[in-house]
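Chemist: The sequence and its predicted three-dimensional model are supplied below.
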Amino acid sequence: MKEVIVLGAGPGGYVAAIKAAKLRAQVKLIEKGEVGGTCLNRGCIPTKAMLHVLSLYEATKRGKAMGLEADNVKINFEKFCTYRDDVVKRLRQGIQFLLRKNNVELIKGEGRLTGHGEVTVNGNKLQGRVILATGSSPSRPSFFSFDKEYILNSDDILALKKIPASLLIIGAGAIGVEFAAIFNSLGTKVILIEMLPRIIPAEDEEIAQILAKEMGKKGIIIKTGAKVENIKVLKEKGVKIKVSSGEEVFVEKVLVAVGRTPNIAGMGFEDAGVKIENGKIDVNSRLETNIPDVFAIGDITIGPLLAHKASSQAITAAVNAAGGNEEFLMGDIIPACIYSFPEVARVGLTEKEAKAAGHKTKIGKFPFRGLGKAQAISQVEGMAKVIVNSETEEILGVHIIGPHATELIGEVSLARRMEATCNDIATTCHPHPTLSEVLMEACHAVYGQSIHLP
Ligand code: NAI
């Protein structure tokens, strides 16, 4: 029986552990904190629980025009946080249950890679094939003196006991815009500062413009091309921030969301000889490091820092650690999702990236406004945008901004994986009335054949 040691029990590590156990390996999973990692405990899940409640809250506000009169709807912040924490607790228990049922031994402690195929934890040396899945942490540029009270990172902000009156968010990536959506909906005055010329700079420019407009309509103040030059904590009086434009801003709290750093230092990886390049562990297509039988997955490897990328890689790494031979070849179909109001989702290249890569492109767009379902639920903002190689019909990139965009993008991952063409999606019968028709219509629009466009 193969012995597999997994370091880290986030969405990479715990999935790898269960998969390896299902392949009859004897698995030890080492975790110093809680199972579920950042995603479950301090990231994806708690924020989605908050956003769900707030989407109901927003819907009741919109409801008045639809004949839904629910006066005095308000958020009880204490119960709101309890709901969020209960969701997390339940899922944590679920993971522990699955680990037990699959005979995965969960070891509490801080593990270190102490040799080829050797991990030391709590003074014990364990031998076996190793999967490194230690995730990432919020970056902490020394310019910002994080104090957990006034200058916060994405972990600290989830511990707030009271809704701040005002919040300045530095960095308009996924974390920045998600927390902007959350606190704006909670009634906080939100200012979002981004040093690049636009918010969500990694996304398609047109999509970013729509999001900026929608966030602006909700009252979020966005300052792009702006840097924080000076930051002074005035305690009870809040924080004073000097922005590069010369403007001074006073807020109650500051959230710094300027990226995350892979957890690589201090765990013996380099000493054991693991090759690290630009702060990430170098892996081959089998997700094996330069050291045979030591695998690495998730945020510590090249590619986006996303839970589903880690879980997807976990399956490949576990198969290989358990004696199989599989390759992880899905790097370019990993969906990216931003859970803002409205949501943003993408698979593949932006328009600019497609052109820069030398593709001849044709583009189709369809607005949610043209869908019966979007009108029925009164959520008509946004669109789907499909970028196709005009010579090969290959779908190069799909971008959706609008209601349930993050649910709708799954179809595109499958389509790309099956090498479906744009015409395949356009001519596939989609259920009516649903929001999924937005993609079908955008694919028709690539050929100028969308039925519901003038
Ligand atoms: P990010 O790298 O996506 O965005 C950080 C932003 O901060 C960038 O736009 C950058 O230009 C800006 N920035 C950096 N320094 C700045 C400064 N001094 N002043 C103003 N702006 C500055 O990082 P983020 O949002 O912290 O997220 C970290 C990682 O976690 C990302 O890889 C993200 O994809 C992932 N994540 C994904 C989520 C999702 O899929 N929904 C949710 C949360 C995080």
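Modeler: All right, it came through fine. A quick note: this is a predicted structure, and the numbers were derived from the prediction, not measured. Residues are numbered from 1 along each chain as shown.

Chemist: phi, psi of the residue in the chain positioned nearest to the ligand?
Modeler: In the chain, the residue that lies nearest the ligand is Gly173 (2.0 Å; Cβ to the nearest ligand atom). Where C-beta positions appear, they are placed from N, C-alpha and C, glycine not excepted. The phi/psi pair for Gly173 (degrees, to the nearest 10) reads phi -90, psi -160.

Chemist: So it is in contact with Glu203, correct?
Modeler: No. When contacts are counted by Cβ atoms under 8 Å, Gly173 is not listed as touching Glu203 (9.5 Å).

Chemist: Mind checking which of the two has more residues around it?
Modeler: Ranked by neighbour count (other Cβ atoms under 10 Å), Gly173 and Glu203 place Glu203 first, with 22 against 19.

Chemist: need the contact list for that one.
Modeler: Applying Cβ atoms under 8 Å, 6 or more residues apart in numbering to Glu203 gives the contacts 211, 336, 338, 344, 346, 350, 399.

Chemist: now, which of these lie within strands?
Modeler: 336, 338, 344, 346, 399 (DSSP state E).

Chemist: which residue sits closest to the second one, ignoring its sequence neighbours?
Modeler: Right, the one you point to is Ile338. Excluding its sequence neighbours, the residue lying closest to Ile338 (Cβ to Cβ, 6 or more residues apart in numbering) is Val344, at 4.1 Å.

Chemist: In contact with the one you found, which residues are there?
Modeler: By Cβ under 8 Å, 6+ apart, the residues touching Val344 are 200, 203, 207, 211, 337-338, 399-401, 405-406.

Chemist: cutoff 6 Å now
Modeler: Val344 is in contact with 207, 338, 401, 405, counting by Cβ atoms under 6 Å, 6 or more residues apart in numbering.

Chemist: Most neighbours out of those residues, which is it?
Modeler: That'd be Ile401 among those, by other Cβ under 10 Å, with 28 neighbours.

Chemist: That one bridge partners, please.
Modeler: With DSSP bridges as the criterion, Ile401 is bridged to Val344, Met383.

Chemist: Let me know whether it touches Gln379 as I believe.
Modeler: No. If you go by Cβ atoms under 6 Å, Ile401 and Gln379 don't touch, sitting 11.6 Å apart.

Chemist: near the ligand, which of the ones in strands among the contacts of Glu203 show up?
Modeler: Ile338 (Cβ under 6 Å from any ligand atom).

Chemist: would you turn the ones in strands among the contacts of Glu203 into JSON lines with pLDDT?
Modeler: Shown next, in JSON lines, are the ones in strands among the contacts of Glu203 (pLDDT from 0 to 100):
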{"residue": "Ala336", "pLDDT": "97"}
{"residue": "Ile338", "pLDDT": "98"}
{"residue": "Val344", "pLDDT": "98"}
{"residue": "Arg346", "pLDDT": "98"}
{"residue": "His399", "pLDDT": "98"}
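
Chemist: State the pair within the ones in strands among the contacts of Glu203 that is farthest apart.
Modeler: For these, the maximum inter-member distance is 11.0 Å, found between Ile338 and His399 (Cβ to Cβ).

Chemist: What residue spans form the domains of this protein?
Modeler: The chain is divided into the following domains under automatic domain parsing: 3-138+261-321, 151-258, 342-446.

Chemist: can you tell me which of the ones you listed comes nearest to Pro454?
Modeler: That would be domain 342-446 among the domains of the chain, by Cβ to Cβ, at 9.4 Å.

Chemist: so who does Ile409 touch?
Modeler: Applying Cβ under 6 Å, 6+ apart to Ile409 gives the contacts 335, 345, 347, 400.

Chemist: show me where the stretch 1-150 of the chain has strands.
Modeler: Using DSSP state E, counting those that start in this stretch, the strands found in the stretch 1-150 of the chain span residues 3-7, 26-31, 105-108, 112-115, 118-121, 124-127, 129-132, 136-138.

Chemist: Relative to Glu270, which of the ones you listed is closest?
Modeler: Nearest to Glu270, of those and by Cβ to Cβ, is strand 112-115 at 9.2 Å.

Chemist: Show me what the closest one is packed against.
Modeler: Judged by 3 or more Cβ pairs under 6 Å, 6 or more residues apart in numbering; DSSP states H and E, strand 112-115 is in contact with strand 118-121.

Chemist: tell me the mean pLDDT for the strand it packs on?
Modeler: Averaging pLDDT along strand 118-121 yields 98.

Chemist: who does Ser136 bridge with?
Modeler: Pro262.

Chemist: any idea how far Val256 lies from Ala212?
Modeler: Taking Cβ to Cβ, to the nearest Å as the measure, Val256 falls 20 Å from Ala212.

Chemist: Repeat that for Glu31.
Modeler: 39 Å.

Chemist: Please say which of those two ends up with more neighbours.
Modeler: More neighbours surround Glu31 than the other of Glu31 and Ala212, with 26 against 20 (other Cβ under 10 Å).

Chemist: surely the more buried one meets Gly12?
Modeler: No. Glu31 is beyond contact range of Gly12, at 11.7 Å (criterion: Cβ under 6 Å).

Chemist: who touches Gly225 in this structure?
Modeler: Contacts of Gly225 (Cβ under 6 Å, 6+ apart): Pro197.

Chemist: Could you tell me the phi and psi values at it?
Modeler: Dihedral angles for Gly225 - degrees, to the nearest 10 - are phi 60, psi 30.

Chemist: Need the pLDDT of it.
Modeler: 97.

Chemist: What does the pLDDT read for Arg62?
Modeler: 87.

Chemist: That one: neighbouring residues, count only.
Modeler: 12.

Chemist: residues contacting it?
Modeler: Residues near Arg62 by Cβ under 6 Å, 6+ apart: Ser378.

Chemist: Quick check: the gap between it and Leu56.
Modeler: Arg62 is 11 Å from Leu56, by Cβ to Cβ.

Chemist: wouldn't Leu287 be in contact with Ala317 here?
Modeler: Yes. The criterion here is Cβ under 6 Å, and Leu287 meets it with Ala317 at 4.4 Å.

Chemist: Contacts only, for Gly397.
Modeler: Per Cβ under 6 Å, 6+ apart, neighbours of Gly397: 348-349, 387.

Chemist: okay if I get the residues you listed as CSV plus pLDDT, distance to Val121 and neighbour count?
Modeler: Formatted as CSV, the contacts of Gly397 follow (pLDDT from 0 to 100; distance: Cβ to Cβ, whole Å; neighbours: other Cβ atoms under 10 Å):
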residue, pLDDT, distance to Val121, neighbour count
Gly348, 97, 40, 22
Leu349, 97, 42, 22
Ile387, 98, 47, 27
